[in-house]
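*Asks:* Structure for this input, please:
(2 chains, ligands or ions: 1)
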Amino acid sequence: MTPGYETGPTSDRQTSGLGFVGQRVKRVEDERFLIGKGNFVADLTPDGVHHAAFLRSPFAHARILSIDVTAAAALPGVTRVFTAAELNALTNPIPPFFMADGVYTPLYSCMSEDKVRHMGDPVALVLAESRYVAEDALELIEVDYEDLQPTATIDQGLDTSREQLWELADGNVLADTSFEFGDVDKTFADADRIITRTFECPRQTNQPMETRGCIVLVDPDSGHLELHNTSQAPHFLKWAIAALLVNDGAVRNLSTFLRNKERRKAFSSASKEFLKTNIDKLKSSDPAGQKAQLSKDKSMLRHQARMAMGLLAAEDYPTVKAGDIGGAFGSKGSVAREDIAVAAAAKATGLSVKWIEDRVENLLDGGQAREERFTVSMAVDEDGTFRGLKVDAVLDQGAYPAFPISGVATLLFWKVYMPGPYDFGAFQLNGKIVATNKGKVVPYRGPWANETFMRERMIDVVAAELGMDPGELRAKNVLREETMPAALLTGPTLDETMSVAKTLDHALSLIDNDQLARDKAAARERGHRLGLGIASYHEAAPGPPNFFESIQPGSDMFLYEDGRAEIQADGRIVMYTSQSPHGQSHQTTYKQVAADEFGVSMDDVEIVWGDTDRTQFSFLGTGGSRGGPLGAGVMRVTARELRRQVAAVAADMIEASPDDIEIVDGNIHVAGVPSRGIGYRAVAAKVARETGIADGPVFAESMKYEGVGNGGWSTATHVAWVDIDLETGMVEIPRYLVVEDCGPIINPGIVDGQVRGGVAQGIGAVFYERHHYDDDANLQSGTYMDYLIPTSMEIPDIEIEHLETLTAGENDARGVGEGGMIGAPAALTNAVSDALGVQVLEQYLPPHRLLELAGVIER
Amino acid sequence: MKNPPFNYHRPATLTEALDLLAAHGDDAKVLAGGQSLLPVMALRLGRPDHVVDIAAIDELKHIATASGALSLGAMVRHAQAETSPMVAEHAPVVAAALPHVGHRAIRNRGTVVGSIAHADAAAEMPAVCLTLGATLHLASATGTREIAAADFFLGFFTTAALPEELVTSVTFPPWSATSGGAVVEISRRHGDYAMCGLACAIDVADGVIESAALSFFGVASTPIRVAEAEAIVVGQRPSPALFAQAAEVVADVLSPDSDIHATANHRRQIAAVLTRRGLAQSADQIGIPV
Ligand SMILES: Cc1cc2nc3c(=O)[nH]c(=O)nc-3n(C[C@H](O)[C@H](O)[C@H](O)COP(=O)(O)OP(=O)(O)OC[C@H]3O[C@@H](n4cnc5c(N)ncnc54)[C@H](O)[C@@H]3O)c2cc1C
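*Replies:* Okay, here's the model as predicted:
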C-alpha cells in the first residue's frame, strides 16, 4: 500500500493555489476498472458478430503437405473456414520496417501455408457462431505435416548446418552487424587489463493481464472497416491494415492515374518538389540497410508500391478504436498476424468478426523477449578506470520478425546504450540476430534492457577482479556534471538530466555498510547467505533531439507528439491524445496537467484517446516512456494556448486586459476580483453565437511538442538486498531501494506504481519467469502452472526516492515506465553474486540453480 | 481454451448420481469443485460426454466424527475443512495441509475428496491420506466398498476407483495426544504445487518414537512413504542427529524426476531438508523441542 495514496486529493477538488500537478491525485480510471465497468475489447459483442479461432501448429518446424477443412466447414454453427492460402491471397506480405547494414528481414504472410516455424504458427481460421463451436471446428481440420529439424537455441541458430527457417538467409543468422566508436584496438592495447565474460539471458514473455484481441466491424454499405483492438499504437495499426489488405483498387487507380498525361506531369513535378525540399534528409538517410535487404530479397520492391501510404485513398483506411487495455508491456505495439488475418476475413465475408486471444495462444505467440547472449570484454586500468568496452551480442528473435519493431531495433538501441552512463573511451558492438523455431520476439518494457544487465553485472565482475568495492568503482567512472561531455560516445547529447551520478551517490549514502556486515553474519548463522547488489542506468525518455538520429538516421517521426485541445460550444474542455493508454493512467495525468492550465477541476476536462478518427497520427502510440514527457507536454502547451485564447475573449467580455486574467476553479476573472468572473460556458456561448457554431468546438488548437533541452534522460540506481536459504534455494528480498530521477513528477502515486511494477517484472525475470522451450523447440511453459509470474506474495516493499532534477525548460517531466524493469535484473543478480561469492553469468536463477552455484547440490 | 460440448447433470440425490455414473461409465466424470476438471476440459485434455455435478447432493456435505474418527463428505470444500474446529481437533495434519492447497479462491470451490480422487502426485491431500492411514469410501449403483489410502493411489491421476464409482467420503483415524504431525513443502511461489512436500506424523510414548509415517509428494507418480527412513526413527528418541540420519536416507531412497521447476538433485535436497523440518515440527507439537 502506498502511503499517502488514500489521502490524496480527488479530481473534483482543486487544492487552492497548488493545482493538481505534483500531487498524489487518485486515479480516475480506478473506479470503472474495479467495478467491472472498463471498456475492454472482450466486453464488446456487437450483434451478429462471428467468433474467430485459429488452428495453430503443434510442431516447431514442419512442412505442410496438405490441409483439409471440409469437415470443419460442415459443422453446424460454422460460418466460414479460411485456409492460410486463402487469407494470404487476400493480404500483402509483412515488410521489414527497421533496416540496417548486415541485416536481412524475411517477408512473411499473416498465415503459414507451406511451412510452420513455431508451435502456435497459425494455419487456418474458423469463423463460427461462438468461440466454442469455432474450437470444435478446429479439431475437425486435417493437416498433414512433415517434420523438419527444429532450431531451438542460440547455439543451434548460429550453426549454419541446420535446417533453415528462411530460404534466403545465411543459415539461420539474419543479422551480422558491427558498430565502433572511438579507437577500440588502441584503447584495448593501452589498458592494463582486459576482462572477459559471457552472460546468458533466457527467454521471457510479456504477460499483460488482458490478452490481445480485436473486433472488426464492416459497414454494409461502404465496406469500411472499424477495428476495436488492444493496440498500443492504433494509428500504426490503421496504416498497416490499409497497406496489408490487398487493395487492387488502389493499384489500379495508380495506373489509370499515371496514364493520364496531365496528371503524370503534375505528379512528376510534385515529386521533384518533394525531392528538392527534402534533399538533406534523404542524403543523410543511410541506404545501407535497404541495400542489405534487397541483396537478399527484392520482393520488397514489388510490395512497396502497394504499401506506400501515399497511394492509399482516405477510404482505404479503417478506423481503429482502442478503448481500455489491460496492459501490454510492448507486446501490443506490434501488428499481430492475427489482426491482419481477422481483418481480411471480415473484409472478404462482409461479416463482423471477433477474435480474443486466449492465454494459451498468448503464451505461444503473444510476444516473447530478451533471449540474448553477450560476450563482454572490458578494458580497465589497475586503478579502476574504465577504458574500453567490446560486446559480441546474439539476439534470438524466434521465428518471425515482429512488425514494425523487430530485433533489429534492439541491436540499434544497444549500439547507443551499451556503454551506459560511464566514461568509456571506445566501444564496439558486434551484433547478430538468429532465427529459431520459437514464438516471435517483441519489445518488452525497456526492450534493450539486457545491456544494463550485462554491463552492470560485468562492472561487479571487474570490481571483484580488481579487489574494489562495486559502488566505488561505479562512482569513479560514472559521468559527472562537473566533467560532463557534450555528448555520449555513441552520439546522443547530454545535459543535467544525465543525473546517474546523483542517483548513485544518493543510493550509496542510504546503504549502511556496518549494518550490512551484521545482517550478513546473522544470515550465515541461519544457514542463509545475504548479499547486496547495485545497478545504475540511464534511459532516453524521451532523450535528446538527436537520440533517434543516433539510433537510425531518418527516424525523426519518433521525435514529437501531436495533441489537440478544444472548447466545445457548451463550454466543455476536450483534450485529444495520440497515446494509447494501457495501464499507465494517462487519463488521470493528462487531466491533472490540463486542469491546472485551464484553472478548472479535473472533472471538467475530458481526455479522448485511442480513436483514429478523433486523434492525430502517431507511429508509436504509447511506448518508449514518452507519455509523461511528450504526451503530457503536448497536453500542457495546447491547453496553455487555448487558455490564452479564452482569456483574450473573456477579457473583452469583462472589459479587462488579458494580462490581468486569472482562472481559478473555472472562474475567469481579473486577479483579485473573483466576484466579477465568468465561466468557460459563457465565453464559449459568446463565440458560438458570433460564429454560428451550435455544436462542436468554438476554440481548437492542434500542436506538436518535442520535449525540452539536450538531454531528456531518465536515470536511476537500484540497490537490492537478497537473502538465500542455502538449504532450499528459496529467496527473500529483505530490502529493495530505487533512487530515480524522472524530473518533476506529475503524480507521485502513478510514478511509484510504474517503478514498482517494473521492479516486480525484474524480480520475475531473475527468480520466476522463464519461457522455456525444450531442445526440440517445444514450449514447456505453456500455462500459468509453468510460466511463473511473481504475485504480491513474492514482491517486497520497494523504497523509492525521487530526485527530480529540473532543467531550464518547462514541461520537463521525463519517462519512468520502463526503468524499473531495466535496473532490477542487474541489481538482483549482483546481490546474488555477492551473497554466494560467485560471479553469476546468467540472468535466470531458480532455486535449484542458486543451490548449484552455491555448491550445495550438483548440476 | 473452450471446452468441447458435454451433457450436464445435476442430480439431487446420491442414488441418482450413482445411476447416472452406471449409465454412462467411462463417458462420465464427476464434477465436484471443478478446480481441476474444468481446466482439463477447457484445454481439451479431457472430454467427458457427461458431467455429473454432485454439488447439490446434501448427503455429501457432512463434516462429522464417529469414535474419534473424522469423516469428510465428498462435497466438503477445502475452505470449509480449513476453518472447521472439528477438523483442527481431530485431524490437525489435514488442517495443516489445507493452507498450502492453491489459493483461497481455489479452496473456496475445490473439495478435499475431489483432490484425493484427482490424485495429482504433487497434491497435498493424497499424501496426508497416506500418512494418516485414511480410508476412502466408494459407492456405485451396485454397492459400496472401502479402500485404504495405501491401496488407492495407483499412478499419475490414477486411482483404484472405477469409472462408475463415486468417492462419497474420506475418514481419518482418531488422532491422539501423543501424536505430532506436520505438512511442510517448498513451492516456487506461494500457492503453487510443491516442488516437493512432506506430510508426516509420529507417535511418541515415554519419549520414544513408536511409529512414524513420512509421505512425500511431488517426487513420484503417487505420494510415497519412505519406510526406510521411518524405520530409522522408530524406537529412537527424537533428536537433530536422528532426524538428519532419516533425512539422508530419504535423499538416498527417492528418485524424483527433473522438470523446469526443479532438478532431481534439488528435489532430493529439499526432501532431506523437509524430513528434518517436518519431524522437528512434529516432535515440537507433542512438547519435545528438537
Ligand atoms: C491455480 C490452482 C492451484 C492449485 N494448487 C493446488 C495445490 O497447491 N495443491 C493441491 O492439492 N491442489 C491444488 N489445486 C487443485 C485443487 O486443490 C482442486 O480443488 C483439486 O485438485 C480437485 O478438487 P475439485 O473438487 O475441484 O475436483 P474437480 O475438479 O471437480 O474434479 C477433479 C477430478 O476428480 C474427480 N472427482 C472429484 N470428486 C470426485 C468424487 N467424489 N468421486 C470420484 N471422482 C471425483 C473428477 O471427476 C475429476 O476427474 C489447484 C488448482 C488451481 C486451479
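*Asks:* show me where pLDDT drops low in the chain?
*Replies:* With no chain named, the answer covers chain A. A:1-18, A:249-258, A:263, A:267, A:270, A:274, A:278, A:281-285, A:303-311, A:557 (pLDDT under 70).
*Asks:* could you do chain B instead?
*Replies:* Residues of chain B that meet the cut-off, pLDDT under 70, do not exist.
*Asks:* The most centrally placed residue in it sits in which helix or strand?
*Replies:* Closest residue to the average C-alpha location of chain B: B:M125 at 1.6 Å, with CA atoms, centre = their mean. Using DSSP states H and E, B:M125 maps to helix B:124-132.
*Asks:* domain parsing for the chain?
*Replies:* No chain was given, so I picked chain A. What automatic domain parsing lists as the domains of chain A is A:471-553+A:710-859, A:560-705.
*Asks:* actually it's chain B I care about, not the one you picked
*Replies:* Split by automatic domain parsing, chain B gives B:1-53+B:60-175, B:179-285.
*Asks:* need the domains of chain A in CSV with distance to chain B and mean neighbour count, can you?
*Replies:* Quick note: C-beta positions are derived from backbone N, CA and C, even for glycine. Formatted as CSV, the domains of chain A follow (distance: least, CB to the nearest CB, whole Å; neighbours: other CB atoms under 10 Å in any protein chain shown):
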stretch, distance to chain B, mean neighbour count
domain A:471-553+A:710-859, 4, 21
domain A:560-705, 22, 20
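*Asks:* What residues does chain B have near the ligand?
*Replies:* Taking CB under 6 Å from any ligand atom as the criterion, chain B approaches the ligand at residues B:29-37, B:74, B:101-102, B:106, B:110-111, B:113-115, B:117-118, B:120, B:123-125, B:161, B:166-167, B:193.
*Asks:* Check the residues you listed one by one and keep those near chain A.
*Replies:* Within the set of these, contact with chain A (CB under 8 Å from any CB of the partner chain) is found for B:Y193.
*Asks:* Could you identify the buried members of the residues of chain B next to the ligand?
*Replies:* Buried by 16 or more other CB atoms under 10 Å in any protein chain shown: B:29-37, B:74, B:101-102, B:106, B:110-111, B:113-115, B:117-118, B:120, B:123-125, B:161, B:166-167, B:193, out of the residues of chain B next to the ligand.
*Asks:* Show me those that map onto strands.
*Replies:* The members of these that map onto strands under DSSP state E are B:29-31, B:166-167.
*Asks:* want to try TSV for the domains of chain A, with distance to A:I35 as columns?
*Replies:* Converted to TSV, the domains of chain A look like this (distance: least, CB to CB, whole Å):
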stretch	distance to A:I35
domain A:471-553+A:710-859	20
domain A:560-705	16
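*Asks:* which helix in chain B runs the most residues?
*Replies:* In chain B, taking DSSP state H as the definition, the longest helix is helix B:264-285.
*Asks:* Turn the ones in strands among the buried ones among the residues of chain B next to the ligand into a markdown table, columns for distance to A:M119.
*Replies:* Formatted as a markdown table, these follow (distance: CB to CB, whole Å):
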| residue | distance to A:M119 |
| --- | --- |
| B:K29 | 28 |
| B:V30 | 33 |
| B:L31 | 31 |
| B:L166 | 38 |
| B:V167 | 37 |
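*Asks:* Which of those residues sits closest to B:T15?
*Replies:* Set against B:T15, the nearest of these by CB to CB is B:L166 (10.8 Å).
*Asks:* Which element, helix or strand, includes the nearest residue to the closest one once chain neighbours are set aside?
*Replies:* Sequence neighbours aside, B:A139 is the residue nearest to B:L166 in space, at 5.5 Å (criterion: CB to CB, 6 or more residues apart in numbering or on different chains). Following DSSP H and E, one finds B:A139 within strand B:135-140.
*Asks:* going on from that strand, what's the next piece of helix or strand?
*Replies:* Counting by DSSP H and E, what follows strand B:135-140 is strand B:143-148.
*Asks:* Which neighbouring elements make contact with that following strand?
*Replies:* Judged by 3 or more CB pairs under 8 Å, 6 or more residues apart in numbering or on different chains; DSSP states H and E, strand B:143-148 is in contact with strand B:135-140.
*Asks:* Right, I'll leave it there.
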